Structure formats: C-alpha cells, structure tokens
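K.L.:
give me a 3D structure for the following:
(chains A and B)
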2 protein chains.
Amino acid sequence: MEQASGDDPAEPGRSRPSEGGRRARRVTSIDVARRAGVSASAVSRAFTEGAYISRELKARVMAAARELDYEPNPLARGLITRRSGMVALLMDELSNPFYPEALQAFGSELHRRGKRVMLFAPAPGEPLEDVLPQALRYSVDGIVVASAHVTSALAEAARKAAAPVVLFNRMLEHGGLSAVTCDNHAAAELVARLLAEAGHRRPAFVAGLETASTSIHRERGFAAGLHQAGLGAPRRVSGGYTYQGGYAAALELCRGGETPDAIFVANDIMALGVVDALRRELGLDVPGDVSVVGFDDIPAASWPSYDLTTMRQPLRAMVSETVQLLEDQLESAYPKATTVTLPGRLIRRGSARLPPA
Amino acid sequence: MEQASGDDPAEPGRSRPSEGGRRARRVTSIDVARRAGVSASAVSRAFTEGAYISRELKARVMAAARELDYEPNPLARGLITRRSGMVALLMDELSNPFYPEALQAFGSELHRRGKRVMLFAPAPGEPLEDVLPQALRYSVDGIVVASAHVTSALAEAARKAAAPVVLFNRMLEHGGLSAVTCDNHAAAELVARLLAEAGHRRPAFVAGLETASTSIHRERGFAAGLHQAGLGAPRRVSGGYTYQGGYAAALELCRGGETPDAIFVANDIMALGVVDALRRELGLDVPGDVSVVGFDDIPAASWPSYDLTTMRQPLRAMVSETVQLLEDQLESAYPKATTVTLPGRLIRRGSARLPPA
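P.N.:
Reported below is the predicted structural model:
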C-alpha cells in the first residue's frame, strides 16, 4: 500500500514556464525524481513533514525541485494525509446579501488558518442533500451548511458523512448536528418588548421560510415578548426570505385597512421589500404610520433610502465559531454535536419608533 | 510510472456507514481490491472509461464496490486524467451584488457540464496574483478571473499558468489573455446620445476603479457619445465601484452649486449611492433635477426606492461564453487568446429622462 508507506502519487505541480506557444505541462514529482536521480518515493519523503530521509538526499531533491520550479500538489498530498485543506460551503441563498458577506468572512477565516473555501451552490431545483455527497467526493476537511433548506434527509446524510458537518445560521430542532446561530429567540423577544414599550398595539410578523429554524425561533421569541408585554399573538404572513416575498407580505398585511402599527420582519432583505411596499405602494409613512424592524444588518439596511432598524447578527464571531467547531471535530475520534449560540445586537436607525436606549 | 499505467493511487472514497459513534472511515480503492480479491490497478481500470479490463474482472470489482458503498474520488482520478472537474473562480468584489449573481450563474453553468466552482476570494489585503498560484496547486481545469484588480503581474502569471485562464467582465488593453465582456464602449455611447437627445447639457461621469477596463471603456464610450452630440467632455469623479464611493462622488459633483443635470455611473452599486446622496443629502429630485443612469442591472436597481435606469449586462450569456472559452482552451494544444464581446441592453426605469424608445 503506497499510501501507508508515504509514497507520492505522481502529482501535477506548478507549471514549468512556457517556452513557445504551447501551454506549460505541470511539473510532477516524477520529473523531480528523474532530475535528482532518486526514486519518486524519495521526493515524496522530502516533502513530507517528519518523514525519514537523509539530509543529503533531501538536499538533492530540493535542489532539483527548485530548478524545475516544482511545488507539491496539495490534493495529491491530501490523498496521503487525508487532509485536502479545503472546506466545502453549501450555500443556496446568494441573492440574500447576508450570504455573500458570510462567504467572504469564511474565506478570510479559513485563509488565516491556511485553508480554502470550496463553494457548492446547488443548481436551480437541485436538492441540497444531493450536493452533500458531491462535496464529500472532493475529500474536503469539513462541510459548512448555510441554507434554510436543511431537510431531515440532509441531516441524516450529514450525520453519516465521512467529514465533519456544521450548520451555520441554522439548527436542528432535535439536535444531532453541530450548529452555530444567533440567539434568535432572545433577540426577537427584545424587539417585541421594545415595540410594546413604545406604544405599538397592532404588531405583525413576516416569517421567512416556514421550515427554517431561524424564522421559527424569531417568531416564537417575538410572540413570547409580546405576551410578556400583555399583548396578544401577532398577525403573521410569510415572505419566503426574499425581497419580493417581503413586498407581497406587506401588501397582504395591510389588505382591508387592518394596517399593523409595527412589523417585525424575519430578515433584512424582506424588510426592504416591506418598507418599499408600505411607502411606494400604500403611501404610508415609515416609521410614522408603521414601525419596521429587520434582522441581519446587511449593508443596504444602512442606506438612507431604508435606514432600517435591525437586529445585527455577529457574523464574524459566528463564522469563527463554525470553523473552530469543524477543526475540533476533525481532531476528535468521537465528535459530539455541539451548538453555539451568540447574542445579536439591536442597531437603532430610523425605521422604528423605539424607547430611548 | 503509475500514472502512465493508469494505476490508482489509494484514494479515499465515500463513507462506510458508521456503526458506533466513531466517524466512518472513507472506503478506498484498496478496500475494494481486497474485497474483490484483485489488484488496486484492476479497481482503477474498472472505474476508468476505456481502460482495458475483462468483463468478468470488471463485474467482480463493481460488485465489491457496491457492497462497500465505494465511489471513486474525483481528485484521485484527476491525478491520473489531469482533470479535476473543478474550475477556480477568483473573485474579490462580493459586496457588489453583480458578483454573487455571477457566482450563481457560474455554478449553474458548470453544474450543467458536470463540473464545480471552487471560489478563491483573496483575504483582505492579499493581492490577487498571490491567489492564482494557489488555485493552480489544486489542479483546476481552468481559472476565471472576475476582478477589477487585474494587474500586469497577474496577467503575466496567468499567461504562464498550466491551466487556461479567462477574464470575466474585464479585458487587457493589450490582449494576451482570453476575455469576455459586455460591449462597454457601445453601451456607454448610447447612454450619452440618449441623454443629449433628451436635452441634458451638463453631463457628468462617475468612474469605478481607475485601472479597471470596464470603467475605462465606459468612460471613453460616454465621452465619444457626448462628442457626437456636440457636447464637451463630461465632468468626472471616481467612486471606486462601491456604494459609499458613489455617494461621496455625487456630493463632490454637486459641490459649489455646479450641479450636473445627468450622471452616468459606471456601475449600479455606485448609482444607488449617487441617488441616495442626491435625494437624501442634497434634497434634489431624481430625475426632475438630475437624471441618473447605472450599469449592470443588479436586483436593487428594480426596487421602487431606486427604480434605476441602467444598462443591463447579459450575465448568463457572458458566463456561458466564459466557460466555453475555458473548455476550448483545455482541448487545444496551442490555445489562442480570444475576446468575446456581447451587447448590453438599456433598461428604462424612472431615474432618467430619456427620449421615448
């Protein structure tokens, strides 16, 4: 078994500078072995941390590698070390600006740790549970699932996976998978209490995807906060976590003249649609007629056209905790599902009447 | 040389279902060989299209593979076929919604062709030319560079690369690399002619990054169109391709009361900042006092708060042409730099006074 003995599969390395028009062929460990007059196995050992090789032999290999501009291929190495240095990110909501931001944050955090993100975005209509095995086939060191579409089939596949899986900004109702989320319940409870304290009496809630844990926990927290303030359950409609869905939800809430005086919206991209519908289609004043509070604090929330009061998610901390959970699980022979919950922070802007901080 | 003989490096495959709490070990070709009582080389040949293997031997390998739930690892295969099925996307402007959209489009287009996107987003401050060799180390089948930061060092590295490189939404002034862009010059020329025809006499231009070909060509086209209409060169400031930059650019253009009556902005995300600054900070009416035209047609351009007239880039066609160029170059022993230019389309909304279509 070559793998056990540390032999190096003939891996493509960096390119030899092209002499003519023809594209450079990749320099392989075989080329280095030939130039140095040693075995391919010696080349592999020279590039493997802690492998046995005499000082003289190593020097000869390294000189040949320098001459040929050779660099070992991390994928070939991954076949030996069973570490590819790649983390798969399963993400299917890139049209919500929260996710491109998260993607950048994962890129930075993993780069800091000498790793890379491989993004797996399902094609339109492709279920996420079909994408997970594809990611596994690339020998990734771990998988982050950042999607509202975490079905039980996906969870089952993730639990059986040969690589650690962590849910980002989602959790399973009944556990079984590691997860990092904002404390959605506590954050929504606070929004409800502040809206009630400011005198709002006809609160409404715009849900996201009905099956998403984020939306469910934000709705529960909001209802709990209203209850504590002596108010009844809010009216509620669903906006499917899109701008267009939020726009339509606001129109539905205001149909028949029963206009709410406060709308808590389960994410910001929907809240922008809510504000546009209230102002541009219904001629209502925000926050004069209706207070609107969002969730996430995406960049557009701070643009003067919206000036959206919102619950900020601690994005960088959430990303860092997610990567740490992956590393912990990778190191552990008996990994345990762990849930990390981080507090949100209310960002007060101009779209809601709230009591002073 | 194992590589030439088609031998299979001991690759990790799909997981064996976990029995206890311990994570499943990946099933390798060695496991399959053992179970089938054949050599590892036979397993490799069984899974290699067109490789020589007797029907009986292949059936034995496939039966063992099914029993063990084994799937060949595309990375291990890539070491043999020199094709990894991965295309690297170098992208550093994810905060401009045009790029997450492009990322999704690349994901769909490559999925259709049985490939995957590997996103390389440089860490803050990391130059893109440092990221290119990292992508090459992963044996990608091709590299798409979608960034305004295409320096001569990057172009030089790309020309020497051992994988085809195509620039997306950028081109080099002096060629040498394949590229796919919108016809930025013609599109900007049209905008200038229409604004002039509608009676605007004090046009201004908000540039993006000064070194970006997109911004340079849009500025040249705009100036050419104004010249054809008998108008002088536009006033111009730079907005660096960000919302905040556009906002500041609008304030600068209106300083001292010399307010332009039309602003052509080199991309939409800056144009949103221009509109917000004009309306919210300067109290001007758009388009009553100032017409604003953007470029890209990002989703927010259609939101009623902006209702932005803009030049739409043919995103899907651009992505499809980019992937096709990569494939063509991968097949060709003597690849030639090719530039594909696709026409933009004016989307008339409410932010500019234009003559009827």
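
K.L.:
pLDDT below threshold where in the stretch 1-150 of chain A?
P.N.:
A:1-26, A:48-50, A:71-83 (pLDDT under 70).

K.L.:
tell me where it has helices.
P.N.:
Under the criterion DSSP state H, counting those that start in this stretch, the stretch 1-150 of chain A contains helices at A:2-5, A:29-36, A:40-46, A:55-68, A:74-81, A:98-112, A:128-137.

K.L.:
nearest to residue A:260, out of these?
P.N.:
Nearest to residue A:260, of all the helices of the stretch 1-150 of chain A, is helix A:98-112, at 24.5 Å by Cβ to Cβ. The C-beta positions use only the backbone N, C-alpha and C, and glycine is treated the same way.

K.L.:
so how far is the closest one off the chain centroid?
P.N.:
8 Å (Cα atoms, centre = their mean, to the nearest Å).

K.L.:
output the helices of the stretch 1-150 of chain A as CSV; include the columns distance to chain B and mean neighbour count.
P.N.:
Formatted as CSV, those follow (distance: least, Cβ to the nearest Cβ, whole Å; neighbours: other Cβ atoms under 10 Å in any protein chain shown):
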stretch, distance to chain B, mean neighbour count
helix A:2-5, 4, 14
helix A:29-36, 6, 21
helix A:40-46, 8, 24
helix A:55-68, 13, 15
helix A:74-81, 5, 22
helix A:98-112, 4, 22
helix A:128-137, 6, 20
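
K.L.:
skipping adjacent residues, who's closest to residue A:317 in space?
P.N.:
residue A:342 (5.5 Å; Cβ to Cβ, 6 or more residues apart in numbering or on different chains).

K.L.:
for residue A:113, phi and psi?
P.N.:
phi -100, psi 10 (degrees, to the nearest 10).

K.L.:
pull up the gap between the nearest residue in space to it that is not next to it in sequence and chain B, please.
P.N.:
Once flanking residues are discounted, residue A:113 sits nearest to residue A:323: 6.8 Å by Cβ to Cβ, 6+ apart. Between residue A:323 and chain B the computed distance is 14 Å (Cβ to the nearest Cβ, to the nearest Å).

K.L.:
right, and residue A:323 touches residue A:106 too?
P.N.:
Yes - the pair residue A:323 and residue A:106 passes the contact test of Cβ atoms under 8 Å, sitting 7.3 Å apart.

K.L.:
circling back to that earlier point, the residue nearest to residue A:317 and residue B:185, how far apart?
P.N.:
Here residue A:342 is placed at a distance of 49 Å from residue B:185 (Cβ to Cβ, to the nearest Å).

K.L.:
quick one on the thing from earlier: by how many degrees do the helix or strand harbouring the residue nearest to residue A:113 and helix A:98-112 diverge?
P.N.:
Assigning secondary structure by DSSP states H and E places residue A:323 in helix A:315-331. Here helix A:315-331 runs at an angle of 50 degrees relative to helix A:98-112 (axes from the mean of the first three to the mean of the last three Cα atoms, to 10 degrees).

K.L.:
which outside residues touch the following helix or strand past helix A:315-331?
P.N.:
Beyond helix A:315-331 on the C-terminal side, the first helix or strand identified by DSSP H and E is strand A:339-342. By Cβ atoms under 8 Å, 6 or more residues apart in numbering or on different chains, the residues outside strand A:339-342 that reach it are A:171, A:175, A:178-183, A:314, A:317-318, A:321, A:325.

K.L.:
now strand A:339-342 - C-alpha only, PDB.
P.N.:
What follows is strand A:339-342, C-alpha atoms only, in PDB (Å, rounded to 0.1, in the frame of the first residue of the first chain):
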ATOM      1  CA  THR A 339     -24.500  24.100  19.400                       C
ATOM      2  CA  VAL A 340     -23.000  27.500  19.800                       C
ATOM      3  CA  THR A 341     -25.400  30.500  20.200                       C
ATOM      4  CA  LEU A 342     -24.200  34.000  20.100                       C
END
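
K.L.:
paired strands for it, with orientation please.
P.N.:
When sheet partners are counted by DSSP bridges, strand A:339-342 sits next to strand A:178-182 (parallel).

K.L.:
give the contact list for residue A:145.
P.N.:
Contacts of residue A:145 (Cβ under 8 Å, 6+ apart): A:90, A:128, A:132, A:154, A:158, A:165, A:166, A:167, A:168, A:170.

K.L.:
what does residue A:64 give?
P.N.:
Taking Cβ under 8 Å, 6+ apart as the test, what residue A:64 contacts is A:32, A:33, A:35, A:36, A:70.
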